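K.L.:
can you look at this prediction? I've put the sequence above it.
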Amino acid sequence: MTGELFIDPQRCIGCRACVEACSECSGHGGTSMIHLDDLARTATVQTAPTVCMHCDEPACAAVCPADAISKGPDGVVHTAMTERCIGCSNCVLACPFGVPKYDARLDLMMKCDLCYDRTSVDLKPMCATVCPSGALFYGTRAEVEDRRQAQPRNVFQFGDEVVRTKISYMVPAHHEQIRVTESAEVVRSVAEQCLEEAIV
Ligand code: SF4
Ligand code: SF4
């Protein structure tokens with residue numbers, strides 16, 4: 001696997017091509033594993049895609065009592081194994097990025113596995129293949145650093161907790177890491193906070 005996935009929420013135009021492409025994958029039966037978030041709905045039409053960030057130390061796998069989630073040697077955190085997952089939703093609650101979703105129909109947790117059938121043979125994931133604006137870009141770090149003003153960052157600070165990920169967000173170069181803050185009144189996604197950093 002020579003490429004990496006880079007997310008630039010500022011480039012998202014809300015066309016939903018990524019969602020449609022993801023839901024066409026036969027591996028998850030018509031359900032998209034990519035979520036398109038509407039950010040600050042009352043103030044803007046801005047949207048941003050959310051995929052699994054493939055954490056270096058995945059909280060989802062750490063809390064799974066059935067050992068259903070595994071991380072491969074290439075850093076990809078795989079979706080729950082059907083034969084092991086007991087549908088307890090621990091992973092749904094533990095993920096700092098709000099990624100895994102429990103599918104009651106299948107009694108199974110499902111999440112993005114970085115199109116492993118494609119990326120393991122050096123093909124782009126479906127979402128990055130169809131994204132017309134480069135909000136989802138798959139390539140080498142050198143390529144994205146060379147082409148963009150925003151720079152890739154994959155270190156996130158949630159309170160005292162530092163989370164490193166395989167996937168990067170594009171933010172202004174002066175940010176060495178992305179601080180994710182909490183507020184009792186407003187719930188904001190990581191994408192939304194990255195976007196604020198990019199615009200400020
Ligand atoms: S982003 Fe969430 S689902 Fe993905 S590896 Fe990290 S903890 Fe697991
Ligand atoms: S395909 Fe790209 S631009 Fe369109 S909604 Fe998805 S991320 Fe946004």
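P.N.:
Here it is on my side, so go on. Ligands and ions are numbered 1, 2, ... in the order given.

K.L.:
hey, let's count contacts and neighbours off CA atoms from now on
P.N.:
OK.

K.L.:
which residues in this structure form helices?
P.N.:
Secondary structure of the chain (DSSP state H): helices at 17-23, 59-62, 90-94, 116-119, 126-130, 141-147, 190-199.

K.L.:
out of the ones you listed, which is closest to ligand 2?
P.N.:
helix 17-23 (4.1 Å; C-alpha to the nearest ligand atom).

K.L.:
the closest one packs against which elements?
P.N.:
helix 126-130 (3 or more C-alpha pairs under 8 Å, 6 or more residues apart in numbering; DSSP states H and E).

K.L.:
which of the residues in the helix it packs on are buried?
P.N.:
126-130 (16 or more other C-alpha atoms under 10 Å).

K.L.:
elements contacting the strand of greatest length in the chain?
P.N.:
The longest strand of the chain (DSSP state E) is strand 161-171. With contacts taken as 3+ C-alpha pairs under 8 Å, 6+ apart, strand 161-171 sits against strand 4-7, strand 151-158, helix 190-199.

K.L.:
what parts of this protein come near ligand 1?
P.N.:
Within the chain, the positions lying close to ligand 1 (C-alpha under 6 Å from any ligand atom) are 52-55, 58-60, 77, 95-97, 99-100.

K.L.:
which among the residues you listed end up buried?
P.N.:
Buried among these (16+ other C-alpha under 10 Å): 52-55, 58-60, 77, 95-97, 99-100.

K.L.:
nearest to ligand 2, of the residues you listed?
P.N.:
When those are ranked by distance to ligand 2 (C-alpha to the nearest ligand atom), Cys52 comes first, at 13.8 Å.

K.L.:
now do the same for Thr31: its pLDDT.
P.N.:
Looking at Thr31, its pLDDT stands at 89.

K.L.:
next one: the closest residue to it other than its chain neighbours from ligand 1, what distance?
P.N.:
Spatially, and ignoring its direct neighbours in sequence, Thr31 is nearest to Ser23 (4.7 Å; C-alpha to C-alpha, 6 or more residues apart in numbering). Distance, Ser23 to ligand 1, by C-alpha to the nearest ligand atom, to the nearest Å: 18 Å.

K.L.:
what does Thr2 give?
P.N.:
Separation of Thr2 from ligand 1 (C-alpha to the nearest ligand atom): 19 Å.

K.L.:
so who does the residue lying closest to that residue once chain neighbours are set aside touch?
P.N.:
Leaving aside its sequence neighbours, Thr2 sits nearest to Asp122 (C-alpha to C-alpha, 6+ apart; 6.5 Å). Residues near Asp122 by C-alpha atoms under 8 Å, 6 or more residues apart in numbering: 1-3.

K.L.:
let's see it at 10 Å
P.N.:
If a contact means C-alpha atoms under 10 Å, 6 or more residues apart in numbering, then Asp122 has 1-3, 116, 139 as its contacts.
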